[in-house]
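Asker: Below are the sequence and a predicted model; questions follow.
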Amino acid sequence: MEQRAIESANYLVKNNATIRETAKHMGVSKSTVHKDLIIRLKYINHSLYEKVREVLDANWEERYIRGGLATKERYESLKE
């Protein structure tokens, strides 16, 4: 579990990925990745945890923009 948490964290930070993208890459569920990165990593490698937190906080702030763009694209495709 510790190794998976570190690998997930490194992938997320390196690729500026979301939890969903990280889960798909690692072949595990979003819940597993979330638990690895938010709960376990804090005790395994605190400095890596802080980097992960920065990426996740940025993703949290940008999510409404991504959702708005997806909605816009969907309605534009329906017009055509």
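Answerer: Cool, the structure landed.

Asker: now the protein, which segments are flagged as low pLDDT?
Answerer: Along the chain, the parts satisfying pLDDT under 70 run over 63-67, 69-70, 80.

Asker: Mind listing what's buried along the lengthiest helix in it?
Answerer: Of all segments of type helix in the chain, defined using DSSP state H, the longest is helix 46-79. Neighbour counts over helix 46-79 (16 or more other C-beta atoms under 10 Å) mark 48, 49, 51, 52, 55, 56, 59 as buried. Every C-beta, even on glycine, is put in place using the N, C-alpha and C of the backbone.

Asker: who are the neighbours in contact with the second one?
Answerer: In this structure, residue 49 makes contact with 9, 37, 41, 42, judged by C-beta atoms under 8 Å, 6 or more residues apart in numbering.

Asker: now residue 42: how far from residue 35?
Answerer: Look at residue 42 and residue 35: by C-beta to C-beta, to the nearest Å, they are 11 Å apart.

Asker: Now flag whichever of the contacts of residue 49 is closest to residue 25.
Answerer: residue 9 (12.2 Å; C-beta to C-beta).
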